[in-house]
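**Q** for reference, the sequence and a predicted model appear below.
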Amino acid sequence: MAELDTSGGGKHKGGKVRSKKQSTRVDLTAMVDLAFLLITFFMLTTTLSKPQAMDLAMPDKNEEQPETRLNVADTRSMTILLGSKNKIEWYMGTIEKPLAPPEITSFGRDGIRKVILENKKKAIVATGDPKKGLIILIKPSEKSNYRNLVDILDEMKVTDVSQYGIGDIFEPEVELLKRDNIY
Amino acid sequence: MPRIKVARKSTAIDMTAMCDVAFLLLTFFILTATARQPEALAVDTPASTTLIKLPETDIATLTVGRGKVFFGVKGQNVRALTLEKVGSAYGITFTPEEIRRFSVMESFGVPIGNLKQIIAMEGEQRNKEGLQTGIPADSVNGRASELNEWILQSRYATQELNNKAMRVSIKGDAQEEYPVIKKVIDILQVQGINKFSLITSMRATEK
């Protein structure tokens, strides 16, 4: 379709020896396709290379007094412990008297995401108020890595949990992780 | 009866013009893509589904990888002023030439004692493996850590020069152990910075 015609220069030899005239049409369609592919590539990679930012807000350290902290119903509070080897252990309520025995799960859609969504529904049913949903406390242990933290924060965003915080892990919880071999 | 022949016209379109436009656009995009500075510490950030882009100004980036912390702040004038302030906090003076060379460094990770050496080196030599050991994040003799000092002075510098509060972002390696990240977050919280951004790569949300 697209052509470059360079056969115009073959008229010099009039006379005895005539070289064979061959058609010299070059099809440029492929070149145009390639050029557009490269353009699209560069257009997309310059915007994709800007790093994405995930915001994180921590509670103010100086203000945290045990007395001023609001008491939250056990049915609304879920604690997620991040252990080693990408394992998570979670329970509702307090560590001394959890509502149910702590369970171990993994990251991802079928692991912690399913658990959070279920607990979210249960919390709303328990408080009877759709605005008072689930409150999650994330406690990373010393054996977890940064990727675990980012993944959990990502799950907060995906499951639309608005109230969550990162806290320090306590001794009984470390014991719990050790007992379940994920420390 | 003689068959009437319809005169056939050639349907070939000359694509040379289209090809020219395509290459012009391509050249434009290649030239407007900013060249990336070689990273002093290569980190593999974890993926997340967030789509918010990082702001380009008034932001400091703490790169955390392999137990080391590197520091970088956007804006050449901000970097220059920060260097002067940190220098006076530790009793070290920098020549205008050193300040100028420092202000083009995107990010660095050395204790203050070795900073002059690193500034004097060329770009590729600075990024050699193992040369930059990270900014000390532990407090020494009751005095706050150097990392704390860098963050504090760059916040002053950003406020003075651009009249805006400096944002802090953390770019961590996915494999990094949580205690290192916690130490960095604690240093930020001591200064009252409770909101920061975590830099991640893209991931599509699985439904």
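**A** Noted; the coordinates are in hand.
**Q** the helices in chain A, which residues?
**A** Per DSSP state H, chain A carries helices over the ranges A:29-48, A:114-127, A:146-158, A:171-179.
**Q** that's a helix at B:Asp138, yeah?
**A** No - using DSSP: H, G, I helix; E, B strand; the rest coil, the assignment for B:Asp138 is coil, not a helix.
**Q** got a list of what the residue lying closest to it once chain neighbours are set aside touches?
**A** Spatially, and ignoring its direct neighbours in sequence, B:Asp138 is nearest to B:Ser145 (5.6 Å; CB to CB, 6 or more residues apart in numbering or on different chains). (Each C-beta comes from the backbone N, C-alpha and C, glycine too.) B:Ser145 makes contacts with B:136-139, B:187, as judged by CB atoms under 8 Å, 6 or more residues apart in numbering or on different chains.
**Q** one more time with 10 Å
**A** B:69, B:135-139, B:151, B:183, B:187, B:190 (CB atoms under 10 Å, 6 or more residues apart in numbering or on different chains).
**Q** same question for A:Thr75.
**A** A:Thr75 neighbours (CB under 10 Å, 6+ apart): A:92-93, A:99, A:119, A:122-127, A:134.
**Q** returning to what we had before: and among the helices of chain A, the most buried is which?
**A** helix A:146-158 (a mean of 21; mean count of other CB atoms under 10 Å in any protein chain shown).
**Q** pLDDT on that one, on average?
**A** Model confidence over helix A:146-158, given as mean pLDDT, is 88.
**Q** what angle separates it from helix A:114-127?
**A** Put simply, helix A:146-158 runs at 50 degrees to helix A:114-127, going by axes from the mean of the first three to the mean of the last three CA atoms, to 10 degrees.
**Q** burial check on B:Thr61, number of neighbours?
**A** By the measure other CB atoms under 10 Å in any protein chain shown, the count of residues near B:Thr61 is 20.
**Q** in three-state terms, label it for me.
**A** Classified using three-state DSSP, B:Thr61 is strand.
**Q** any idea how far B:Pro2 is from it?
**A** Plainly put, B:Thr61 is 83 Å away from B:Pro2 if you go by CB to CB, to the nearest Å.
**Q** same check, this time on B:Ile112
**A** From B:Ile112 over to B:Pro2 (counting by CB to CB), the distance is 99 Å.
**Q** compare the two (neighbour count), which wins?
**A** A count of neighbours by other CB under 10 Å puts B:Ile112 above the other of B:Ile112 and B:Pro2, at 17 against 4.
**Q** show me the contacts for the more buried one.
**A** B:86-87, B:89-92, B:135-136, B:146, B:149-150.
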